[in-house]
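Q: Build me a model from this:
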Amino acid sequence: MLPGLAPFALAEFRHKNIDATQISDTDISLSCVSLPHDLRTVTALYSRLEFTIPRPKALLGNTEFQVLIKGIDRVRGQNTFGSFRVDAAGSDSPVFQRLIGALEKQLSLPHDPEDGDLLLRIRPSPNKRAHQQGWQVLVRTTPRPLSARAWRMCNLPGGLNACVAAAMLEVANVRPFERLLNAMCGSGTLLIEQANKQRIKESWGVDINEDALACAQQNLHAAKPNITQPIRLEQADVTALACEDACVDVVVCDPPWGDALGSVTNNRDLYPRFLTEMARVITPHGRLIMITHDIKRFERDLAASPWQKTAEVKVFHGGHYPRIYRLERP
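A: The predicted structure is shown next:
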């Protein structure tokens, strides 16, 4: 999982009655026979193989190698894979090249170092005991990460990671009788994640960019077989919407952060105007959920706005550590 999403992932596992234990900022350990592949806040699931060995070279030993092959075959029994790749420090070393050659022969799968869909991660075991060395082989259970949603046909620069979007919607906690606006909706990630999660009274996406709306429409069309929620898209300026006061209950938004999209200079004007307009269109007891990496500027603008921060979650996204804010009226 991405750093910062552990509480959301653990809640998902509890909801599915799966015992889960957080072992690091990015890892959760599960004990279950059948792994669920419909998780929304988890980036990927791996079958973990533990080896009490001093170095990866020992994986070429007959006993360890057979354990490795059996573990990989268990995963292959659940999905179809066309090639494999190895993710490990020093994967281009002679030892790893020998291991890759042996795997290629035993698995009857080609090795594709760039696009292999059967991913094997080899790393030192974080659970090693004193005076006992160990290594792990993590076998990803799906050809693509869970975060790579099947409906995503179109991407945009600076697009929101679907797992982070799912976490934002948990913070938003949109209820069935509420109306949702996804301001600056981009490729439609938040809209589709909400539609997959729960049907609500109304779902509306707005963006000023015509190309973004075309991208969102393409993704909505791909997602349509799995959702029954009607979703309306509209080209408009979110700082001056042509709608009546208090017309929505919840707004979710991934505004430009000023790096991959927009600029810090533009944010100086955009953020305060947006916060003011949202105070007009959101019902008095509604809420605004935003994510941004332009934190200092946003918090200065927030202090001068009619909004009060009621929750804040720091996450990792695209090399940054943005924050998810839940804002309500005092």
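
Q: how many other residues sit next to K105?
A: As a burial measure, K105 scores 9 neighbours (other CB atoms under 10 Å). C-betas here are computed from N, CA, C, even on glycine.

Q: Need the mean per-residue confidence for the helix or strand containing it.
A: Taking DSSP states H and E as the definition, K105 sits inside helix 94-107. For helix 94-107, mean pLDDT is 97.

Q: list the buried ones in that helix?
A: V95, F96, L99, I100, L103, L107 (16 or more other CB atoms under 10 Å).

Q: Next: stretch 47-64.
A: L49, F51, P56, A58, L59, E64.

Q: ditto for stretch 239-257
A: Counting neighbours by 16+ other CB under 10 Å, the buried set in stretch 239-257 is T239, L241, V248, D249, V250, V251, V252, C253, D254, P255, P256, W257.

Q: Report the contact partners of the residue nearest to L109 when sequence neighbours are not counted.
A: Leaving aside its chain neighbours, L109 sits nearest to F84 (5.1 Å; criterion: CB to CB, 6 or more residues apart in numbering). Listed by CB atoms under 8 Å, 6 or more residues apart in numbering, the contact set of F84 reads L103, E104, L107, L109, P110, H111, D112, G116, D117, L118, L119, L120.

Q: who does the closest residue in space to the first one that isn't next to it in sequence bridge with?
A: In other words, L103. Excluding the flanking residues, the one nearest L103 by CB to CB, 6+ apart is F84, at 6.7 Å. Listed beta-bridge partners, F84: H111, L118 (assigned using DSSP bridges).

Q: List only those of the contacts of F84 flagged as buried.
A: Judged by 16+ other CB under 10 Å, buried ones among the contacts of F84: L103, L107, L109, H111, G116, D117, L118, L119, L120.

Q: Farthest pair within those?
A: L103 and D117 (14.3 Å; CB to CB).

Q: For A102, list the residues it contacts.
A: Applying CB under 8 Å, 6+ apart, the residues contacting A102 are L60, F65.

Q: where exactly do the helices run in the stretch 1-150 of the chain?
A: Using DSSP state H, counting those that start in this stretch, the helices of the stretch 1-150 of the chain run over residues 6-15, 62-76, 94-107.

Q: any idea of the angle the last one forms with helix 62-76?
A: Okay, so that is helix 94-107. Counting by axes from the mean of the first three to the mean of the last three CA atoms, to 10 degrees, helix 94-107 points 60 degrees away from the direction of helix 62-76.

Q: tell me what the one helix or strand C163 maps to is packed against?
A: Using DSSP H and E, C163 falls within helix 162-172. Secondary-structure packing of helix 162-172 (3 or more CB pairs under 8 Å, 6 or more residues apart in numbering; DSSP states H and E): helix 6-15, helix 189-197, strand 248-253, strand 282-292, strand 308-314, strand 323-328.

Q: Moving C-terminal from that helix, which element do we reach first?
A: strand 179-183.

Q: Just list what that next one packs against, helices and strands only.
A: Short answer (3+ CB pairs under 8 Å, 6+ apart): strand 179-183 packs on helix 189-197, strand 202-207, strand 248-253, helix 264-281.

Q: mean confidence score for stretch 169-176?
A: Stretch 169-176 comes out at a mean pLDDT of 98.

Q: May I have that stretch exported as CSV, CA atoms only?
A: Taking C-alpha atoms only, stretch 169-176 is exported to CSV below (Å, rounded to 0.1, in the frame of the first residue of the first chain):
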residue,chain,number,x,y,z
LEU,A,169,-14.0,9.0,-0.4
GLU,A,170,-13.7,7.2,2.9
VAL,A,171,-12.8,10.6,4.5
ALA,A,172,-15.8,12.1,2.7
ASN,A,173,-18.2,9.3,3.8
VAL,A,174,-20.9,10.2,1.2
ARG,A,175,-24.3,8.9,2.2
PRO,A,176,-26.9,7.5,-0.1
